[in-house]
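K.L.:
Predicted coordinates and the sequence they were generated for:
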Amino acid sequence: MPPRTYAILGTGALGGYYGGMLVRAGLETHFLLRSDFDHVREHGLIIDSVRGDFALSVDQINAYGEPSKLPACDVAVVCLKTTQSDRLPELLAHCVKPNGVVLVLQNGLHPEADAAAIVGDDRVLGGLCFLCSNKIGPGHIQHLDYGHIHMGVYQPETSDSPATRHFPGIVEDFSAAGIETIAVDDLRLSRWKKLVWNIPYNGLSVVLNQTTDVMMGDPHTRRRIEAIMHEVQAAALAVDGKVIEDAFIQKMLDYTAKMEPYKTSMMLDYEAGREMEIEAIVGDPLRVAHSQQISCGEIESIYRRLLQKRYHSPHVLNAPKVEAHLLIDRTEIRIRQYFLSRSRTDHFAKYWRPLFVRLREHVADETLTRKHWVGLSRIIADSIAPPEHGLYHELMALLTSAQGKVDRALKDDTWREN
């Protein structure tokens, strides 16, 4: 088999570092860039790393500013933030060979689902990156610590699929490039384990405005972090039957205490005024837990505070947009429970979850209209519960209340100016 070719979708702190390592190892790699395209095309890519600095010259880096110009590759590596996953249909339309695969290196509980909806379940792999790196300037990556990846097949039940055939070779390529890559059999368990770290540290870094070393140096905050980790542990067991040992939680605490002082990706996004990965890292796992009636008081508190930050509301409990967002969440949880009780969670994931993602986006950018509510109520009546059913009335009450909160937000000029 000829050497695999790679397309890096998103050349930021993560894609720039891993893609740069692949190029340095001699693998043909193509980079999709946006704001940095002109700079990288003229100056190349610089990686300052604790494991040795290196740079890719203009002649070494294949840089593209438009998705349509990317060549079809064996492996498309998704390094975008989950807040940009709506771009995947356009990005994956050109850069994957017919028998190629997509490797999703994103945060969250099930980020692979978006790519799978486009290319098929049997062509998707996932990876969890334990990497401390930042983009400190155009085409300039700073790698501070760690860098290993836990990688697995999204649907391993299909033994002879493009994903299972490519998987060993991809692990070999990454390992040969100096990226410690651990093959995992249970990708879902690995994702829950990553959330053990991601939820407390990303969430509290924004809520408290603190780096990891400051958080770990405060006994009260450290106890709170540990409590959040145990909530994730309980949710993983209740939702998916996944066991996370207490020893793993202690390992994450020790791991972070020894880490170089670090601003999390969510903290950097907040400081830069970019959209934070609130839903992928905190909101979605919380809704999944609530659908199983699992109480996660600490995580819910962080989620509310993060929504307050997102909507720039001075009073989280009275903020119309925050309350509309939470009411939409409650509607999603009830619908998720409906399909869970009928063993149709795949139907919910494919058709309903994207719909609620869009509704929350409409709340954020103030484009949610009466047409959206009417359309959703019709879908509910047609596919879940007829108007005479109690569930229909419950869902309509939630949506009516959410619509009222949105209408209030749009009329409250004083609140919007904040």
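P.N.:
Alright, I've got the coordinates. Numbering: from 1, shown residues only.
K.L.:
could you pull out the helices for the stretch 101-250 of the chain?
P.N.:
Using DSSP state H, counting those that start in this stretch, the helices found in the stretch 101-250 of the chain span residues 112-119, 162-176, 187-208, 212-217, 219-240, 246-258.
K.L.:
and those helices as a markdown table, adding mean neighbour count, mean pLDDT and distance to I141?
P.N.:
(Each C-beta comes from the backbone N, C-alpha and C, glycine too.) Output for the helices of the stretch 101-250 of the chain, formatted as a markdown table (neighbours: other Cβ atoms under 10 Å; pLDDT from 0 to 100; distance: least, Cβ to Cβ, whole Å):
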| stretch | mean neighbour count | mean pLDDT | distance to I141 |
| --- | --- | --- | --- |
| helix 112-119 | 21 | 94 | 24 |
| helix 162-176 | 18 | 97 | 17 |
| helix 187-208 | 23 | 97 | 20 |
| helix 212-217 | 17 | 97 | 19 |
| helix 219-240 | 18 | 98 | 28 |
| helix 246-258 | 14 | 96 | 22 |
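K.L.:
what's the closest non-adjacent residue to V96?
P.N.:
The shortest distance from V96 to any non-neighbouring residue, by Cβ to Cβ, 6 or more residues apart in numbering, is to A76 (4.8 Å).
K.L.:
Surely that neighbour is in contact with L105?
P.N.:
No - between A76 and L105 there is no contact under Cβ atoms under 8 Å: 10.8 Å.
K.L.:
More neighbours: the two, which one.
P.N.:
A count of neighbours by other Cβ atoms under 10 Å puts A76 above the other of A76 and L105, at 30 against 23.
K.L.:
can you tell me which residues contact C73?
P.N.:
R4, T5, Y6, A7, H30, C95, V96, K97, G100 (Cβ atoms under 8 Å, 6 or more residues apart in numbering).
K.L.:
rerun that using 10 Å as the cut-off
P.N.:
Applying Cβ atoms under 10 Å, 6 or more residues apart in numbering to C73 gives the contacts 4-8, 28-30, 94-97, 100-101.
K.L.:
shared neighbours, A76 and L105?
P.N.:
Any residue near both A76 and L105 by Cβ under 10 Å, 6+ apart counts here, and that gives I8, L9.
K.L.:
And what about H30, helix, strand or coil?
P.N.:
When classified by DSSP: H, G, I helix; E, B strand; the rest coil, H30 comes out as strand.
K.L.:
can you tell me how far it sits from A319?
P.N.:
44 Å (Cβ to Cβ, to the nearest Å).
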